[in-house]
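**Q** Pasted the sequence and its predicted model underneath.
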Amino acid sequence: MTRAEARKRVETLAREIREHDHRYYVLDRPAISDAAYDRLFRELQALEEQFPDLRAPDSPTQRVGGALREAFKKVRHVRPMRSLDSLMEKDEVLEFDARVRKGLEVEEVTYVAEPKFDGLSVELVYEDGVLQRGSTRGDGETGEDITENLRTIRAVPLRLHEDGRAVKGVIAVRGEALMPLSEFEALNRRLIEQGEEPFANPRNAAAGTVRQLDPGITAARRLDLYAYDVMHVEGLRFKTQTEMAEALRGWGFHVEKRARHCAGIEPALAFHADLEARRDTLDYEVDGVVVKVDRCDWQELLGMRSRSPRWAVAFKFPPRIEVTKVLDIVVQVGRTGKLTPVASLQPVDVSGVTVSRATLHNEDEVLRKDVRVGDTVRVRRAGDVIPEVVEVLTEKRPRGTKAFAMPSKCPVCAAPVEREGAYHVCTNGLSCPAQLEGHVIHFAARGAMDVAGLGAKTVIQLIEQGLVRNLADVYQLTPIDFAGLEGFAEKSIENMMAALEASKKPRLDRFLVALGIEHVGETVARLLAEHYGAVAKLMEADAEELQQIHGIGPEVAESVAHFFASARNRKVLDRLFEAGVRPVHEKRAKGPQPLAGQVVVFTGGLERLTRPEAQKKAEDAGARIASAISKRVTLVVAGPGAGSKLDEAKKLKIEVIDEAAFLKRIGEK
Ligand code: IVH
């Protein structure tokens with residue numbers, strides 16, 4: 001291919017990929033399958049590799065930075081990023097409306113009411129339509145340069161769509177980076193699975209992700225970004241807030257559709273009540289409603305105070321917080337040896353969910369909050385998951401309590417505990433039953449080696465009896481070993497031996513997940529499997545080589561290389577292979593893809609297929625699998641016993657079919 005031809009092709013590919021990104025991430029209407037998208041992407045990558053000078057800074061391939069950032073540079077915002085006054089009471093909102101009308105000397109004001117996103121406020125600066133810089137809010141005047149990380153968010157246009165509107169000069173846009181709840185839950189599941197600390201709420205997860213020093217990790221965690229304000233634009237004036245939102249949408253941003261136009265303040269109050277009632281059904285955390293004067297000339301007339309505008313307020317939702325007592329603080333030991341203090345609480349109902357435990361993360365966190373056994377505390381449920389202790393009501397502290405101290409010995413195996421950064425870890429490795437237990441349970445679980453019937457209860461017994469000392473021992477087990485365990489009769493032993501045998505040919509990516517390498521969950525494992533196709537090749541890769549893979553950053557690369565360099569791990573691997581374990585990698589099906597572009601949820605029972613089989617078939621047919629209903633889901637396969645997911649799907653008018661129709665659709669009868 002000549003340079004001129006390459007240039008043309010690069011431009012076409014970039015344009016098409018940009019369009020597909022927009023359709024997928026902003027419009028929720030993908031037009032092609034993931035596989036087809038990947039092909040376009042790889043073709044572009046290859047051409048840019050061959051002709052490096054054709055690699056534009058706004059090329060879609062540049063969403064994944066590879067470089068480890070030292071620290072984030074401070075940058076000055078184009079316009080100060082002000083905050084909003086937070087109001088808790090309806091009366092305060094009525095007063096706001098009265099002040100606005102008085103200030104403008106009018107009878108009635110049109111407002112726009114929209115969800116207040118509980119994420120991270122960011123500024124995006126474009127020059128002649130190309131993204132130059134993105135930063136955190138910081139102190140409002142200067143923030144931190146997080147451009148590389150914001151680039152990885154697919155809802156952020158790297159180049160503004162022209163849309164007939166001028167995109168010349170400098171445009172500064174403000175928006176909120178956030179983590180959708182579905183992604184948050186999946187991320188926490190992955191983190192726990194990888195033996196890491198989960199995030200307490202989606203806001204922390206988004207903040208931690210946006211301030212990642214490794215953009216590869218940011219890219220792997222899918223953030224979203226909603227734009228809500230044009231802070232600066234040259235040669236363009238908006239008449240209303242609504243018109244501004246239209247412009248943002250036209251430039252390719254994700255803009256909240258739920259914004260409501262309100263004649264007067266009453267409908268805005270109604271919107272607040274309505275949204276609060278639906279709060280738990282949204283796919284992201286919302287902590288209130290923002291009420292803004294719609295007309296821009298009126299906004300200007302009203303002007304700003306030093307920290308906040310006079311034309312907008314945040315009408316917050318009451319927090320999901322309750323008061324309860326700490327009954328105990330127990331220290332748990334995870335798969336990686338990390339010690340986590342957990343508060344065990346007097347059960348309390350926090351807006352509909354009973355909370356009886358709260359993570360305290362690590363020693364510093366306990367000491368910072370000074371949580372003690374016997375204390376009365378405020379607990380918050382954030383983003384529907386792990387509850388956290390917000391603060392101690394010290395005035396209610398009984399006499400004689402003691403400050404918490406991390407044990408110096410592992411509570412499970414009594415080995416010495418060492419501090420690593422903010423955490424304490426048991427130094428006993430796989431000789432610590434808690435760590436070994438975690439490893440083996442993870443190894444045998446679904447999504448990993450998938451040994452049917454080898455669950456926590458059996459694993460614990462096997463370890464107690466000294467029958468399993470590392471992962472490879474699992475495949476040395478004999479019927480006699482199981483005969484001594486509780487709950488095993490002749491038939492179940494037979495089944496167990498058959499299950500072990502059947503698990504010896506796992507999919508390569510699942511095998512990699514099973515090994516429990518730090519940072520290697522489903523997503524990374526799939527990337528590695530696709531790239532190398534065989535364990536042997538992966539074992540020889542060093543960190544530098546691993547980093548070349550699209551989507552793998554330095555921290556992940558380091559962890560993988562480190563794992564395979566360890567003599568101890570290699571020995572375990574050798575023994576696994578000797579026992580007949582053969583991971584297999586099938587290149588993605590190239591056949592017809594009747595479910596291309598579909599996002600499928602399975603719920604309820606299946607009769608002809610097992611759930612994993614059905615999911616694999618759906619994936620082979622081009623679909624992606626989701627575990628929860630959201631508006632991204634396009635198809636639900638429901639069977640007997642389907643419950644709330646089916647109801648939700650119907651509410652969202654998502655197509656629902658049964659197993660027979662599913663089989664028919666993928667071309668099997
Ligand atoms: S408009 C001049 N709209 O809430 C300020 N802000 O507590 C214009 N926020 O820092 C802001 N959702 O980052 C606006 N729909 C929304 C918002 C929103 C969340 C954030 C904003 C601000 C904070 C104030």
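**A** Perfect, I can see it now. Please read all numbers here as calculations on a predicted model, not as lab measurements. Numbering: from 1, shown residues only.

**Q** from here on, contacts and neighbour counts on C-alpha atoms
**A** Will do.

**Q** Could you pull out the buried residues of the helix or strand hosting D21?
**A** Using DSSP states H and E, the element containing D21 is helix 3-21. Going by neighbour count (16 or more other C-alpha atoms under 10 Å), the buried part of helix 3-21 is A6, R7, R9, V10, E11, L13, A14, E16, I17, R18, H20, D21.

**Q** For it, name the packing helices and strands.
**A** Contact here means 3 or more C-alpha pairs under 8 Å, 6 or more residues apart in numbering; DSSP states H and E; on that basis helix 3-21 packs against helix 34-50.

**Q** angle of the helix it packs on against helix 3-21?
**A** Angle of helix 34-50 versus helix 3-21, following axes from the mean of the first three to the mean of the last three C-alpha atoms, to 10 degrees, is 150 degrees.

**Q** How about residues contacting the helix or strand following helix 34-50?
**A** Next along the chain after helix 34-50, taking DSSP H and E as the criterion, comes strand 74-76. Contact with strand 74-76 is made by S135, E141, T142, G143, E144, D145, as judged by C-alpha atoms under 8 Å, 6 or more residues apart in numbering.

**Q** what about 6 Å?
**A** Contacting residues not belonging to strand 74-76 are listed as E141, T142, G143, E144, D145 [C-alpha atoms under 6 Å, 6 or more residues apart in numbering].

**Q** Excluding chain neighbours, give the residue nearest to the second one in space.
**A** Among residues not flanking T142 along the chain, R76 sits closest, at 4.2 Å (C-alpha to C-alpha, 6 or more residues apart in numbering).

**Q** Please tell me how far that neighbour sits from the ligand.
**A** 16 Å (C-alpha to the nearest ligand atom, to the nearest Å).

**Q** okay, now that residue: neighbour count?
**A** Other residues lying near R76 total 15 when counted by other C-alpha atoms under 10 Å.

**Q** again, but for the one 4 residues further on
**A** P80 has 16 neighbours, counted by other C-alpha under 10 Å.

**Q** on that earlier part again, and the gap between the residue nearest to T142 and L124?
**A** Noted for R76: a distance of 12 Å to L124, by C-alpha to C-alpha, to the nearest Å.

**Q** try E141
**A** For E141 relative to L124 (C-alpha to C-alpha), the value is 14 Å.

**Q** any low-confidence regions in the stretch 551-669 of the chain?
**A** Residue ranges of the stretch 551-669 of the chain with pLDDT under 70: 587-591, 669.

**Q** Now the closest residue to the ligand within it: closest residue in space, sequence neighbours ignored.
**A** Proximity of the stretch 551-669 of the chain to the ligand (C-alpha to the nearest ligand atom) peaks at K631, 19.9 Å away. The spatial neighbour of K631 that comes closest, neighbours along the chain excluded (C-alpha to C-alpha, 6+ apart), is L652 at 7.1 Å.

**Q** now the strands: where do they sit in the stretch 101-250 of the chain?
**A** Per DSSP state E, counting those that start in this stretch, the stretch 101-250 of the chain carries strands over the ranges 110-117, 120-127, 130-136, 142-144, 170-178, 224-232.

**Q** okay, those strands in JSON lines with mean pLDDT, distance to A621 and mean neighbour count next?
**A** Shown next, in JSON lines, are the strands of the stretch 101-250 of the chain (pLDDT from 0 to 100; distance: least, C-alpha to C-alpha, whole Å; neighbours: other C-alpha atoms under 10 Å):
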{"stretch": "strand 110-117", "mean pLDDT": "97", "distance to A621": "36", "mean neighbour count": "23"}
{"stretch": "strand 120-127", "mean pLDDT": "95", "distance to A621": "37", "mean neighbour count": "23"}
{"stretch": "strand 130-136", "mean pLDDT": "93", "distance to A621": "36", "mean neighbour count": "23"}
{"stretch": "strand 142-144", "mean pLDDT": "90", "distance to A621": "43", "mean neighbour count": "20"}
{"stretch": "strand 170-178", "mean pLDDT": "96", "distance to A621": "31", "mean neighbour count": "23"}
{"stretch": "strand 224-232", "mean pLDDT": "96", "distance to A621": "27", "mean neighbour count": "21"}
